[in-house]
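Novice: Mind folding the following:
(chains A and B)
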Amino acid sequence: EPEVTQTPSHQVTQMGQEVILRCVPISNHLYFYWYRQILGQKVEFLVSFYNNEISEKSEIFDDQFSVERPDGSNFTLKIRSTKLEDSAMYFCASTDRGDEKLFFGSGTQLSVL
Amino acid sequence: KNQVEQSPQSLIILEGKNCTLQCNYTVSPFSNLRWYKQDTGRGPVSLTIMTFSENTKSNGRYTATLDADTKQSSLHITASQLSDSASYICVVSAYSGYSTLTFGKGTMLLVSP
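Specialist: Numbering: from 1, shown residues only, chains lettered A, B, ... in the order given. Here you go, the predicted model:
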């Protein structure tokens, strides 16, 4: 079964450093998402992306965050200057139609020290 | 504000027993309700999706119900297995030109031998 792939599975970084989280969505999907989950808390929406542009973003997704689809397969989340509170599990998700079943990747655990 | 509340927060049952998880929501305008299973350290995996007109949907040993009038849903697990140990997340979609998902905090289920 096709799946969403995320790399790396774990990322440790120093506060203030830039990180890039990478995702390869399912190949025929058109809608892409980033979510995060702080330990012990619920999953939170960050951003949705369709047709090479951001379609919706949450309050969490401030100027420190950006997304990009640099080629036909990768979808990246960049955090320019990480803060301690950015420590979380970050999930990429994709679907072939908006508001349809989402397929989630296994996540990248980001630890900011 | 859109909200999804789940109960119980956690649950321990013996292998082979049945259980029912609850979800109450205040989401508008309602589009659909989803149940996800999330294994520890993994991304959520879709179990069921129900629209306004559906009041029950099954996926193997999982049966979800939806009462759109009372804004309640349940997930019933039959003949539980050790592999059912996971967090079960209720997610409600609102649609007003674009889809917005509201996640519950999940019910942590532990199936004990």
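
Novice: tell me the pLDDT at the residue of chain A found nearest chain B?
Specialist: Chain A approaches chain B most closely through A:Phe104 (3.2 Å), counting by Cβ to the nearest Cβ. C-beta: built from backbone N, CA, C; applies to glycine. For A:Phe104, the pLDDT comes out at 93.

Novice: Now do the contacts for the closest residue to it other than its chain neighbours.
Specialist: In this structure, A:Phe104 finds its nearest non-sequential neighbour in B:Gly43, 3.2 Å apart by Cβ to Cβ, 6 or more residues apart in numbering or on different chains. Contact analysis of B:Gly43 by Cβ atoms under 8 Å, 6 or more residues apart in numbering or on different chains lists A:Val4, A:Phe91, A:Ala93, A:Phe104, A:Gly105, A:Ser106, A:Gly107.

Novice: again, 6 Å this time
Specialist: A:Phe91, A:Phe104, A:Gly105, A:Ser106, A:Gly107 (Cβ atoms under 6 Å, 6 or more residues apart in numbering or on different chains).

Novice: Which secondary structure state is assigned to it?
Specialist: coil (DSSP: H, G, I helix; E, B strand; the rest coil).

Novice: Just list the residues touching A:Gln17, thanks.
Specialist: Contacts for A:Gln17 were tallied using Cβ under 6 Å, 6+ apart; they are A:Thr82.

Novice: any idea how far A:Thr95 is from it?
Specialist: 32 Å (Cβ to Cβ, to the nearest Å).

Novice: Check B:Leu47 too.
Specialist: 16 Å.

Novice: Equivalent analysis for A:Asn52, please.
Specialist: Distance from A:Asn52 to A:Thr95, by Cβ to Cβ: 16 Å.
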